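> My questions concern the predicted model and sequence given below.
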Amino acid sequence: MSQGKIIGVISLKGGVGKTTTVANLGSILAAEFNKKVLVVDANFSAPNLGLHLGLVEPKITIHDVLLNRANVTEAIHQHESGFHLIAGAYISRKINPRRLKQKISYLKDYYDVILIDSSPNLNEEMLATMMASDELLVVTSLDYPTLSTTLRAIRLAKQKRTPITGLIVNRARNKKFELSIKDIEEAAQVPVLSVLPEDIKILESIYHTTPVSLYKPRSTSSIEFRKLAAHLIGEKYEEPGVCDKLKALFIR
């Protein structure tokens, strides 16, 4: 088995869709592409990846691992769709985020893909994700405030020399007041890999603690997540028409 890779999913603004992206990519890569996948909640101050996936009271968490209370393998939980999860503790003592790389890097020998859900704050927690990752995905949206924070995250990643694979544009509405994909790519000098539409089904899926790719697998957002997952592992996902038409609407 060849060594896997660690992909950090970052943004410098809360509520943009990082955790939803990690949950859905993890589910799709495991259930539909037969990959060994681990997702890790590295939003140490405000973890909620476990809540998105129905793991409300994890017995052993990433906090226990970073505090040397438990081995990292003891913190791994299995999700019903086939991927593994390391959740965070909702209440914990202060930890050293920079231990993250040391604790999880060797797991690349056992997983094809490890996805890290980072903190949305420009602090040691985000730096820990950047240092632990082989590559990064940056989640953004088509407005100036989010673009501004996205550019800051990209500059920081470049300073840390962690490659950025691309941008994920979330909650696109196809409105004239939104920035275009071309605007985003020119400002960031990073390609847009995926355009996810505003989709009420995602909010419903979060309520049901189930990734939208499982909750509503034929929804437009689920199809776009599949295309993104395929791209990350160098495979091609063919879906007739729907998403390509959607993306074309935003390339003005």
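Alright, I've got the coordinates.
> Tally up the residues packed near G15, please.
12 (other CB atoms under 10 Å). Every residue, glycine included, has its C-beta placed from N, CA and C.
> so what pLDDT did it get?
With respect to pLDDT, G15 scores 87.
> ditto for I10
95.
> Identify the residues contacting L122.
Counting by CB atoms under 8 Å, 6 or more residues apart in numbering, L122 touches L12, R152, A153, L156.
> Quick one, which of those residues are buried?
Neighbour counting by 16 or more other CB atoms under 10 Å classes L12, A153, L156 among these as buried.
> Of these, which belong to strands?
The strands, defined by DSSP state E, take in nothing from the buried ones among the contacts of L122.
> Which member of those residues is positioned nearest F177?
L12 (21.7 Å; CB to CB).
> was I right about that closest one contacting T150?
Yes - between L12 and T150 there is a contact under CB atoms under 8 Å: 6.9 Å.
> So what pairs up with I10 in the strands?
With DSSP bridges as the criterion, I10 is bridged to V138.
> So what's the residue count around it?
Neighbours of I10 (other CB under 10 Å): 27.
> Repeat that for T140.
Residues near T140, counting by other CB under 10 Å: 28.
> ok, the nearest residue to it once chain neighbours are set aside - contacts?
In this structure, T140 finds its nearest non-sequential neighbour in T150, 4.2 Å apart by CB to CB, 6 or more residues apart in numbering. Contacts of T150 were listed using CB under 8 Å, 6+ apart, and they are S11, L12, K13, V138, T140, L167, I184, A188.
> hmm, which of those are the buried ones?
S11, L12, K13, V138, T140, L167, I184, A188.
> Without its sequence neighbours, what residue ends up closest to the first one?
Using CB to CB, 6+ apart and skipping residues adjacent in sequence, the residue nearest S11 is V139, 4.4 Å away.
> Now do the same contact list for that neighbour.
V9, I10, S11, V16, G17, K18, T21, L167, I168, N170.
> if we go to 7 Å?
When contacts are counted by CB atoms under 7 Å, 6 or more residues apart in numbering, V139 touches V9, S11, V16, G17, K18, T21, I168, N170.
> now do V65
Contacts of V65 by CB under 7 Å, 6+ apart are V72, A75, K103.
> ok, it to D143 distance?
36 Å (CB to CB, to the nearest Å).
> List the buried residues for the lengthiest helix in the chain?
What stands out as the longest helix in the chain, according to DSSP state H, is helix 144-159. Going by neighbour count (16+ other CB under 10 Å), the buried part of helix 144-159 is T146, L147, T149, T150, L151, A153, I154, L156, A157.
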